[in-house]
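Participant: sequence and predicted structure, then a few things I'm wondering about:
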Amino acid sequence: MTVTAQREQELLASVPTGLLINGEWRDASSGKTFDVHDPATGKVLTSLQDATSEDALAALDAADAVQREWALSAPRDRAEILRRAFDLVTERAEDFALLMTLEMGKPLAEARGEVAYGAEFLRWFSEETVRHYGRYFTSPEGKNKMIVTHKPVGPSLLITPWNFPLAMATRKVAPAVAAGCTMVLKPAKLTPLTSQLFAQTMMEAGLPAGVLNVVSGTSASSISGPLMKDRRLRKVSFTGSTPVGVRLMKDAAENVLRTSMELGGNAPFLVFEDADLDAAVQGAMAAKMRNMGEACTAANRFLVHEAVAEEFTQKFADAMKALKPLRGTDPESTVGPIIDGGARDDVHALVTEAVDAGADVVTGGAPVEGDGYFYQPTVLKVSSGSPILGQEIFGPVAPVITFSSEEEAIELANASEYGLASYIYTRDVNKMFRVSEQIEFGLVGFNAGVISNASAPFGGVKQSGLGREGGAEGIEEYTTVQYIGIADPYAAQ
Ligand code: NAP
């Protein structure tokens with residue numbers, strides 16, 4: 001069913017437009033606002049208050065003021081807030097999905113998938129909250145007793161990207177709540193509406209005032225800069241590009257802050273000669289085209305054994321050609337627009353550069369004419385050394401390159417400064433283990449094109465970052481360890 005303009009307007013009107021500081025939605029201290037656009041039309045959706053440095057510091061004041069009390073709250077209470085938030089987000093799944101489609105562009109069916117995935121972090125960490133144990137043991141010489149406990153690290157700055165507006169927020173907020181940290185959340189300026197609605201939902205779920213503060217705005221460095229220098233801040237968790245992550249790590253070093261860095265990717269998608277090719281094409285479509293290719297986990301380099309390369313490439317190109325680039329609210333849409341005009345130009349520049357360097361265009365290769373920032377789903381045949389293989393594409397473009405041996409496949413896969421996601425298609429489980437062991441990636445999909453899951457530790461190696469989100473590991477990012485040494489309780493007094 002097509003979404004009506006009235007439904008869109010009603011939903012947009014229900015999104016809080018202010019800054020959430022100490023449980024209240026406030027105007028920015030500058031009195032300025034900024035516009036949020038629909039990438040499928042280029043039109044303004046709505047305007048939000050534009051946070052300043054002063055507002056960011058007010059948000060940290062609020063977070064710091066309640067940190068001690070929040071740290072002492074009962075794990076069960078925090079768990080129940082998260083569980084209620086899961087229920088509320090799930091009840092409002094259609095609102096969250098439509099809002100993401102409007103501000104980010106992904107087709108509604110995909111946005112619904114993100115709501116289910118994003119909500120799952122709330123449920124997962126609600127369960128983890130009450131099962132996060134320490135240890136009690138006897139010292140090796142047998143005299144003293146030792147207690148090791150986990151404590152919340154303290155006020156945390158959470159910075160999220162525009163590509164998964166709900167899931168990137170819940171993946172940070174849920175473990176921080178579970179651990180007992182207070183937060184200042186800075187969403188991406190291109191897609192802040194989902195975080196605004198999510199924060200409102202967290203308050204409705206019972207989160208006390210000041211625990212979660214949200215400062216949307218156009219000047220990321222004015223918001224993060226003074227916070228990163230402030231001794232009350234204890235942690236920064238960032239998801240975004242590697243250059244910005246590196247800059248934040250330098251700032252974090254000055255203030256000895258704990259950091260979690262989920263950075264860029266350049267995922268290889270390996271198809272061996274024994275793979276089920278239809279399954280590989282299906283997996284390739286999911287790994288490449290989810291989020292229009294604008295995902296850190298997006299397959300970026302298709303490495304295909306020469307014996308099956310022709311067949312795989314043709315089937316893959318046919319599937320790409322069949323996609324329908326339409327506004328995400330259209331029931332026929334199977335691929336949405338690129339996030340903005342500049343990002344679309346960047347994608348096209350990568351394709352043009354690859355073609356100039358000798359790539360063959362199998363399908364696509366150009367922007368879609370008309371409203372919005374659509375780009376044709378594109379398959380390129382490239383050879384080793386093609387400049388596009390060294391770049392995070394962040395668009396619906398798939399370069400295919402061949403290999404002739406397992407050794408060469410491993411070498412090509414590792415020929416990247418990034419190490420986030422990777423995909424292996426083969427029927428041979430021994431080969432999967434051999435290759436997984438030798439490729440330098442934090443995540444491996446075995447005959448699977450989508451592997452993100454709230455219960456799994458998500459994160460990369462090399463220039464893809466530090467730390468893990470989700471899984472049992474996710475809560476550790478927000479805790480610090482305290483050891484209590486107890487004198488020998490059996491010693492004579
Ligand atoms: P980005 O430009 O690095 O921005 C990410 C966030 O950082 C945004 O909120 C942005 O604010 C903020 N930011 C930008 N400059 C900053 C500065 N100097 N100081 C503090 N904050 C700053 O990345 P993006 O374009 O939004 O997202 C795409 C990138 O994210 C890709 O590289 C992708 O691979 C990566 N990503 C990684 C993961 C993962 O889990 N590893 C997941 C998703 C995306 P503004 O929006 O206001 O500029």
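Facilitator: Looks like it arrived, so ask away. Numbers count the residues shown, from 1 in each chain.
Participant: residue of the chain closest to the ligand, please.
Facilitator: Relative to the ligand, the nearest point of the chain is residue 240 (2.6 Å; CB to the nearest ligand atom). Just so you know, the C-beta spots here come from the backbone N, C-alpha and C atoms, and that holds for glycine as well.
Participant: can you tell me the closest non-neighbouring residue to that residue?
Facilitator: Distances taken as CB to CB, 6 or more residues apart in numbering put residue 161 closest to residue 240, at 4.6 Å, once the chain neighbours are dropped.
Participant: right, and that neighbour touches residue 239 too?
Facilitator: Yes: at 5.3 Å, residue 161 and residue 239 qualify as touching, with contact defined as CB atoms under 8 Å.
Participant: which residues do these two both contact?
Facilitator: Residues touching both residue 161 and residue 239 by CB atoms under 8 Å, 6 or more residues apart in numbering: residue 168.
Participant: who's more crowded, the two?
Facilitator: Taking other CB atoms under 10 Å, residue 161 and residue 239 do not tie; residue 239 has more neighbours (25 against 21).
Participant: what sits closest to the more buried one if chain neighbours are left out?
Facilitator: residue 262 (4.1 Å).
Participant: measure the residue nearest to residue 240 to residue 262 for me?
Facilitator: Distance from residue 161 to residue 262, counting by CB to CB, to the nearest Å: 9 Å.
Participant: who touches both of these two?
Facilitator: Here residue 161 and residue 262 have 239-240 as joint contacts, going by CB under 8 Å, 6+ apart.
Participant: may I have the beta-bridge partners of the residue nearest to residue 239?
Facilitator: The residues listed as beta-bridge partners of residue 262 by DSSP bridges are residue 239, residue 465.
Participant: which ones are touching it?
Facilitator: Counted by CB under 8 Å, 6+ apart, residue 262 has contacts 238-240, 296, 458-460, 464-465, 467, 469.
Participant: now do it, the pLDDT please.
Facilitator: Here the pLDDT value assigned to residue 262 is 98.
Participant: now it: how far from residue 105?
Facilitator: Where residue 105 is concerned, residue 262 sits at a distance of 21 Å (CB to CB).
Participant: how about the residues of the stretch 101-250 of the chain near the ligand?
Facilitator: Counting by CB under 6 Å from any ligand atom, the residues of the stretch 101-250 of the chain lying close to the ligand are 159-163, 186, 188-190, 220-221, 224, 239-241, 244, 247-248.
Participant: quick one, grab the pLDDT at the spatially closest residue to residue 475 that is not a sequence neighbour.
Facilitator: Nearest residue to residue 475 in three dimensions, chain neighbours excluded: residue 175, at 4.8 Å (CB to CB, 6+ apart). What the model reports as pLDDT for residue 175 is 98.
Participant: got the contact list for residue 175?
Facilitator: For residue 175, the contacting residues are 121, 125, 128, 469, 474-475, 477-478, by CB under 8 Å, 6+ apart.
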